[in-house]
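Trainee: okay, predicted coordinates and the sequence, questions at the end:
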Amino acid sequence: MSDLQFFHEGALIGVLTAQPLDRVLDYKAPEGGCMLGAFVEVPLGPRKVLGVVWGEGQGGYDLAKVRAVIRVLDAVPMRHEMRSFLIRAADYTLTPLTAMLRLATRSPGLGDPPSMRKVLRLANADPDRATDARRRVIGVMQEYGGLAFTPAELAEYAGVGTGVIKGLVKQGVIVEEDTPRDLPYPRLDAGHSAVDLTPEQAEGSARLCAAVASGKYGTTLLKGVTGSGKTEVYLEAVAECLRKGRQALVLLPEIALTSEFLTRVEARFGARPAEWHSGVTTTERRRCWRMVGEGEAQLIVGARSALFLPYRDLGLIVVDEEHDTSYKQEEGVMYNARDMAVLRAAICGAQVVLASATPSLESWVNADAGKYTRLTLTSRFGAAVMPDMKAIDMRPEALPSTRWISDVLAGEVRKRLAKGEQSLLFINRRGYAPITLCRACGHQIGCDHCDARMVEHRFQNRLVCHQCGETKPMPTICPGCGAEDRLAPVGPGVERLGEETAALFPDARVAVLSSDLFGSARALKAQIKAIADGEADIIIGTQLVAKGHNFPLLTLVGVIDADLGLQGSDLRAAERTFQLMRQVAGRAGRMDKPGMALLQTYQPEHPVIRAILSGDEEGFWKAEAEERKAAGVPPYGRMAGIILSSPDVAQVFDLGAQMARHDGPLRAIGAQVYGPAPAPIARIRGRHRVRLLVKAEKAAPLQSALQKWVAQFKIPNSIRLQIDIDPQNFF
């Protein structure tokens, strides 16, 4: 069906809305008609809702009762390739098409007509006196690289009243302008800045550029050791995409990475790209959505949801740190952005670059099988070399029960302090302690709404549930037995490790990096920049620090508990531990000073620990692939998770048992059903959770069989059923 199809006034058309109806509704085309794919406002009961013209109407009833489209919105119609992407993504993930449309219409003010607005920009003037509030306002505007703000947005981001902003406007420090609500982005210059590449980088970038220039679909796994300059290589592919007049998308796994990355993009192309993530203002999100559709945004840097923007001509998608688990959406529409990037590129004839030092096993297998092209960067850029990695066997260490930093690791930290270098102590646990235990009765303080222990956050003096976000003040009396002053923290988190570090190294500047210690993305970015500028001697961090940050003075990484990720029955436990340890170790020695990574472990002979230390990555992937292949699990088999939840535990178990007994459609394709069983976290937000796991062969038509299976059952309104195709977690 052509994008140019036009429906004349009064014609019967089908409109897909973002409402949870899961079907296309019939309407009459409005006065003046409308295009296929047009964004429209339609009546639905007493409400007016957003929809997209999806095709011809179905009819089959009294057409006199069909209501007309209210108006066509001022937005570029949705292209055929975007509609195809939403349909195929919905079919693959077994998600209602209306829910997929919601992902594609998350633009603030989409229905607003073109208009002018007052915006604020930073001028080249200083205030008559510098107050903290004024400094915050100016700092926000400088941080966002000259982007325009509305007065309300600027006040919110800076945490000040509008009176402060009005005062700066009167003094000429900030200028007020009338501009169209949505402006095109500055043009990027592919030849703005020449980049000196190593021969290995030059060869890789030439192959990527040739692939982009072909105008055809293809996926490349760009594998390079940490610090090898993968970013410079794929930015050359972005430059080629710009030269061809097509749009490029770079996905990043963590919002804290965007600031440093945007600076590199601006240096390379002479202007900042469009941004799409939760940290940008609603004004900029609306502008980005519209300019992407009009082709006035050449490069978009964003989170996973940026895949659902209405690109006019998408030629390249880069998935940076493609192994990162944050690319999997775990609530609502359950999709993996890495896989959806490949799907979208295949539909629109674009190239995909999957970049990682430690790729996912799925991507490694696809490259090994020849489905993906493989590019490998084997050495670090410039004078930097890979860090020396060693294990510290904790079994002979005679540490007190309240200490976690071994004498060996402490000694290495002291050497770095003496040389003015930075050390990173890594533990993948937020908060102060994972368990609060009563020494009188053994009671462990849990969440009232979840089957999870509450984590002490001493900086906030509160207990926090990391499943539902529930918090409560830190008690002084045991809720179980009423004993006073007998509650004790058990185990370390980053806050407790920071406390131990401050005691061991009283003269050192200690910075704790954990996502829940910062009230805003801006504050987190500021801390990361301060560390990179040398304003800390010892960094205490969670997995946040493993995600692509570059700390020039960092030469020592100490992993406090290298065994933590090896516990449990997750089929990806070995893979994730290997990735995380290699990634965090790669933060050390990224400049001209040699680095060292020390892993504290009680299992130095464990195959994963040995693989991490040996650096034999190919050997690890091959062994892991053989194990998965023998077990018939992804990427050599298919899996789907069925999550049932309800306030009534008996009801949800009864339905799960009924589903397991009537599994005929699944047995017909050779699939097996495991469960029902309580989810590892059996209650979240007051809802009891039961899981079933479906396992099938690689070529089995799993989605159609799942649809037939689920259709057999009448699901009560009190039960929520979710299907997770290719589950990444089993919580």
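Mentor: Arrived safely.

Trainee: neighbours around Gly215, how many?
Mentor: Residues near Gly215, counting by other Cβ atoms under 10 Å, number 12. All C-beta atoms are positioned from the backbone trio N, CA, C, and that covers glycine.

Trainee: please name the nearest non-neighbouring residue to it.
Mentor: Gly349 (6.1 Å; Cβ to Cβ, 6 or more residues apart in numbering).

Trainee: beta-bridge partners for Arg687, please?
Mentor: Beta-bridge partners recorded for Arg687 (DSSP bridges): Ile684.

Trainee: again with Val52
Mentor: Beta-bridge pairing for Val52 (DSSP bridges): Leu16, Phe39.

Trainee: buried residues in stretch 196-204?
Mentor: Within stretch 196-204, the residues scored as buried using 16 or more other Cβ atoms under 10 Å are Leu197, Thr198, Glu200, Gln201, Gly204.

Trainee: what's the most distant pair in the residues you listed?
Mentor: Using Cβ to Cβ, the two most remote members of the buried residues of stretch 196-204 are Thr198 and Gly204, lying 9.4 Å apart.

Trainee: and for these two, which residues touch both?
Mentor: Common neighbours of Thr198 and Gly204 are not found (criterion: Cβ atoms under 8 Å, 6 or more residues apart in numbering).

Trainee: who does the helix or strand hosting Leu721 pair up with?
Mentor: Element membership for Leu721 (DSSP states H and E) is strand 720-725. Its sheet considered, strand 720-725 pairs with strand 637-646 (antiparallel) by DSSP bridges.

Trainee: pLDDT of the strand it pairs with, averaged?
Mentor: Summarised as a single mean, pLDDT over strand 637-646 is 94.

Trainee: and the contacts of that strand?
Mentor: With Cβ under 8 Å, 6+ apart as the criterion, strand 637-646 contacts 628, 631, 633, 652, 655-656, 659, 675-676, 679, 684, 687-698, 700, 702, 706, 716, 718-727, 730.

Trainee: got it, and stretch 151-170?
Mentor: Stretch 151-170 has contacts (Cβ under 8 Å, 6+ apart) with 118, 120, 127, 131, 133-134, 136-141, 149, 174-176, 281-283, 522.

Trainee: in helices, which of these appear?
Mentor: Ala133, Arg134, Arg136, Val137, Ile138, Gly139, Val140, Met141, Thr282, Thr283, Arg522 (DSSP state H).

Trainee: tell me the buried residues within the contacts of stretch 151-170.
Mentor: So, by 16+ other Cβ under 10 Å, the buried ones in these are 120, 127, 133-134, 136-138, 140-141, 149, 174, 281, 283, 522.

Trainee: those residues: which two are farthest apart?
Mentor: The span of the buried ones among the contacts of stretch 151-170, defined through Cβ to Cβ, is set by Pro127 and Thr283 at 24.3 Å.

Trainee: list the buried residues in stretch 723-731.
Mentor: By 16+ other Cβ under 10 Å, the buried positions in stretch 723-731 come out as Ile723, Asp724, Ile725, Asp726, Pro727, Gln728, Phe730.

Trainee: again, but for stretch 626-638
Mentor: Arg628, Pro634, Pro635, Tyr636, Gly637, Arg638.

Trainee: which one of those residues sits closest to Val301?
Mentor: Within these, proximity to Val301 (Cβ to Cβ) peaks at Pro635, which comes in at 28.6 Å.

Trainee: so the closest one sits against Trp621, correct?
Mentor: No. Using Cβ atoms under 8 Å, Pro635 makes no contact with Trp621, being 11.2 Å away.

Trainee: okay, and the common contacts of these two?
Mentor: Shared contacts of Pro635 and Trp621, counting by Cβ under 8 Å, 6+ apart, come down to Leu361.

Trainee: spit out the contact partners of the residue nearest to Gly215.
Mentor: Per Cβ under 8 Å, 6+ apart, neighbours of Gly349: Gly215, Lys216, Tyr217, Gly315.

Trainee: 7 Å instead, please
Mentor: Listed by Cβ atoms under 7 Å, 6 or more residues apart in numbering, the contact partners of Gly349 are Gly215, Lys216, Tyr217.

Trainee: which residues sit against the worst-scoring helix or strand of the chain on mean pLDDT?
Mentor: Least confident helix or strand, the chain: helix 521-532 with a mean of 79, by mean pLDDT, DSSP states H and E. The contact list for helix 521-532, computed with Cβ under 7 Å, 6+ apart, reads 143, 255-256, 259, 279, 511, 513, 515, 518, 536, 539, 549-552.

Trainee: from these, which is closest to Pro604?
Mentor: Nearest to Pro604 out of the contacts of helix 521-532 is Ile539 (Cβ to Cβ; 24.9 Å).

Trainee: okay, and that closest one sits in which element?
Mentor: Assigned by DSSP H and E, Ile539 falls in strand 538-541.

Trainee: try Ala391
Mentor: Counting by DSSP H and E, Ala391 is found in strand 388-393.

Trainee: list the buried residues of that strand.
Mentor: Buried residues in strand 388-393, counted by 16+ other Cβ under 10 Å: Met389, Ala391, Ile392.

Trainee: between these, which is nearest His323?
Mentor: When the buried residues of strand 388-393 are compared against His323 (criterion: Cβ to Cβ), the nearest one is Met389, at 18.9 Å.

Trainee: setting the sequence-adjacent residues aside, check what's closest to the closest one.
Mentor: Sequence neighbours aside, Ala597 is the residue nearest to Met389 in space, at 4.6 Å (criterion: Cβ to Cβ, 6+ apart).

Trainee: could you do Lys629 as well?
Mentor: In space, Lys629 is closest to Tyr636, 4.4 Å off (Cβ to Cβ, 6+ apart).

Trainee: the strand or helix carrying Arg374 pairs with which strands, parallel or anti?
Mentor: Using DSSP H and E, Arg374 maps to strand 373-377. In the sheet containing strand 373-377, its partner strands are strand 218-224 (parallel), by DSSP bridges.

Trainee: and the helix or strand that comes right after the strand it pairs with, which residues are buried?
Mentor: Per DSSP H and E, the first helix or strand lying C-terminal to strand 218-224 is helix 230-243. Buried residues in helix 230-243, defined by neighbour count with 16+ other Cβ under 10 Å: 230-242.

Trainee: same question for stretch 158-176.
Mentor: Applying 16+ other Cβ under 10 Å to stretch 158-176 flags Ala158, Val160, Val164, Ile165, Gly167, Leu168, Val173, Ile174 as buried.

Trainee: strands - which of those land there?
Mentor: Ile174 (DSSP state E).

Trainee: possible to save the buried residues of stretch 158-176 as TSV with pLDDT and distance to Val250?
Mentor: Output for the buried residues of stretch 158-176, formatted as TSV (pLDDT from 0 to 100; distance: Cβ to Cβ, whole Å):
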residue	pLDDT	distance to Val250
Ala158	86	28
Val160	90	33
Val164	91	35
Ile165	90	33
Gly167	91	39
Leu168	91	34
Val173	89	33
Ile174	91	31
